[in-house]
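Visitor: Predicted model and sequence below, questions to follow.
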Amino acid sequence: VFVMQPLHSHLRDAATLDPSLVKYYGSLGECMVTLFMAITGGSPWEALVQPLADISPMYTAVYALYLVVMLYGLANLFTAIFVESTKGFAQNDGQLQMKDLMNSKDANI
């Protein structure tokens, strides 16, 4: 939405439009797919940001900030969730092992 909102007025008012700008950012759906391709490696992000950079250098900074937040911020979040759930499974497994050990000692006595 941050990318598409300022682009909407540019797309509407520009006399001649860059075909790649229309291809990648012509609608909200295309913009979302383009941003998804940038973070998943579907397309090189340099090619995706170039039509925006031709309009204003500010778009390059916004695009870079988006990539940093999505790639590093969300990757760290998913890693933290995975580690927490794994720690929970490991703790439960340790408790089960201790219970089995106590039961086997009781059976041997």
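Guide: Right, received. Where do you want to start?
Visitor: So which elements touch the host helix or strand of A61?
Guide: Counting by DSSP states H and E, the secondary-structure element that holds A61 is helix 57-68. Using 3 or more C-beta pairs under 8 Å, 6 or more residues apart in numbering; DSSP states H and E as the contact definition, the elements that helix 57-68 packs against are helix 28-40, helix 45-55. The way it works is simple: take the backbone N, C-alpha and C, and place the C-beta from them, glycine included.
Visitor: what residues does that helix touch?
Guide: Applying C-beta atoms under 8 Å, 6 or more residues apart in numbering, the set of residues contacting helix 57-68 from outside is 2-3, 35, 38-39, 45, 48-49, 52-53.
Visitor: please redo it, this time with the cut-off set to 6 Å
Guide: Residues outside helix 57-68 that contact it (C-beta atoms under 6 Å, 6 or more residues apart in numbering): 49, 52-53.
Visitor: and if you look at stretch 46-54?
Guide: Here stretch 46-54 has contacts from 18, 20-21, 24, 34, 38, 59-60, 63, using C-beta under 6 Å, 6+ apart.
Visitor: Serialize the helices and strands packed on helix 57-68 to TSV and add fields for mean pLDDT and mean neighbour count.
Guide: What follows is the helices and strands packed on helix 57-68, written out as TSV (pLDDT from 0 to 100; neighbours: other C-beta atoms under 10 Å):
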stretch	mean pLDDT	mean neighbour count
helix 28-40	89	15
helix 45-55	88	17
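Visitor: Throw the ones you listed into a markdown table and include distance to N92, thanks.
Guide: Below are those laid out as a markdown table (distance: least, C-beta to C-beta, whole Å):
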| stretch | distance to N92 |
| --- | --- |
| helix 28-40 | 34 |
| helix 45-55 | 41 |
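Visitor: Nearest to L71, out of those?
Guide: Nearest to L71 among these is helix 28-40 (6.0 Å), distances taken as C-beta to C-beta.
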